[in-house]
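Participant: quick check, what structure comes out for this input:
(one chain, ligands or ions: 1)
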Amino acid sequence: MSPILVVAAAVVDDLAAPRRLLAARRTRPAHVAGRWELPGGKVEPGETPQQALHRELDEELGVRVQLGTEIAGPADGRWPITPRHVMRVWAAVLTHGDPRPLEGHDQLRWLHHPDWHTVAWLDGDVDLVRELTVRAAEPGGLA
Ligand SMILES: Nc1nc2c([nH]c(=O)n2[C@H]2C[C@H](O)[C@@H](COP(=O)(O)OP(=O)(O)OP(=O)(O)O)O2)c(=O)[nH]1
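Facilitator: Residues are numbered from 1 along each chain as shown. All right, here's what the predicted structure looks like:
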């Protein structure tokens with residue numbers, strides 16, 4: 001069976017010189033409640049991954065964003081996050097709205113670079129957050 005595609009955003013304060021990263025704490029299902037993730041979700045039939053990401057950020061946080069670079073993962077550009085899901089990730093900055101935990105999350109937190117690992121990320125996000133932290137410090141950041 002082919003893996004389910006999930007999309008997520010590394011929302012930062014500034015694509016070219018990121019200092020803050022937005023983390024969201026999940027409320028469900030029970031085995032991952034309380035763990036932190038990048039906001040996003042599954043791509044629905046008929047959507048492009050980018051359309052799905054804009055929809056999820058609107059539903060979950062009530063915001064609109066501009067997408068920056070894709071953070072390519074080790075498996076054909078994707079991040080294997082669970083045995084059943086792979087994830088594509090884009091950097092993003094807010095263009096409209098203040099993020100609020102409207103759906104699926106009970107808390108949001110801005111993490112300060114380089115301490116982006118200081119919350120209990122989902123297991124599948126640990127390598128990704130390490131990569132984001134390194135990339136954010138390079139010239140050009142996540143633009
Ligand atoms: N959004 C998101 N999901 C992640 C991350 N890391 C990670 O392992 N996952 C997993 C958790 C879930 O098993 C799956 C995404 O499912 P989801 O429940 O967020 O998707 P959705 O919003 O479309 O949910 P639903 O409507 O089907 O309930 O990917 C991450 O950083 N962000």
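
Participant: how near is residue 31 to residue 123?
Facilitator: The gap separating residue 31 from residue 123 is 11 Å, by Cβ to Cβ, to the nearest Å. In this view, the C-beta of every residue, glycine as well, is placed from N, C-alpha and C.

Participant: next secondary structure element downstream of the helix or strand that contains residue 95?
Facilitator: Using DSSP states H and E, residue 95 sits in strand 85-96. Using DSSP H and E, the helix or strand that follows strand 85-96 in sequence is strand 105-112.

Participant: near the ligand at all, that next one?
Facilitator: No - in terms of Cβ under 6 Å from any ligand atom, no part of strand 105-112 sits within range of the ligand; the closest distance is 9.6 Å.

Participant: other SSEs contacting that strand?
Facilitator: Packing contacts for strand 105-112, counted by 3 or more Cβ pairs under 8 Å, 6 or more residues apart in numbering; DSSP states H and E, involve strand 20-26.

Participant: buried set for the strand it packs on?
Facilitator: Buried residues in strand 20-26, counted by 16 or more other Cβ atoms under 10 Å: 21, 22, 23, 24, 25, 26.

Participant: and if you look at stretch 64-82?
Facilitator: 65, 68, 69, 71, 73, 78, 79, 80, 81.

Participant: could you do stretch 11-18 as well?
Facilitator: 11, 12, 15, 18.

Participant: list the contacts for the second one?
Facilitator: To tie it back to what came earlier, the one meant is residue 12. 18, 19, 20, 21, 22, 91, 92, 93, 136, 141, 142 (Cβ atoms under 8 Å, 6 or more residues apart in numbering).

Participant: so what's the first one up against?
Facilitator: When you say that, I think you mean residue 18. 12, 91, 113, 136, 141, 142.

Participant: relative to the ligand, how far out is it?
Facilitator: Distance of residue 18 to the ligand, given as Cβ to the nearest ligand atom, to the nearest Å: 17 Å.

Participant: could you do the second one as well?
Facilitator: Separation of residue 19 from the ligand (Cβ to the nearest ligand atom) stands at 20 Å.

Participant: ok, how many other residues are close to that residue?
Facilitator: Burial of residue 19 is recorded as 14 neighbouring residues (other Cβ atoms under 10 Å).

Participant: please consider this matter closed, and thank you.
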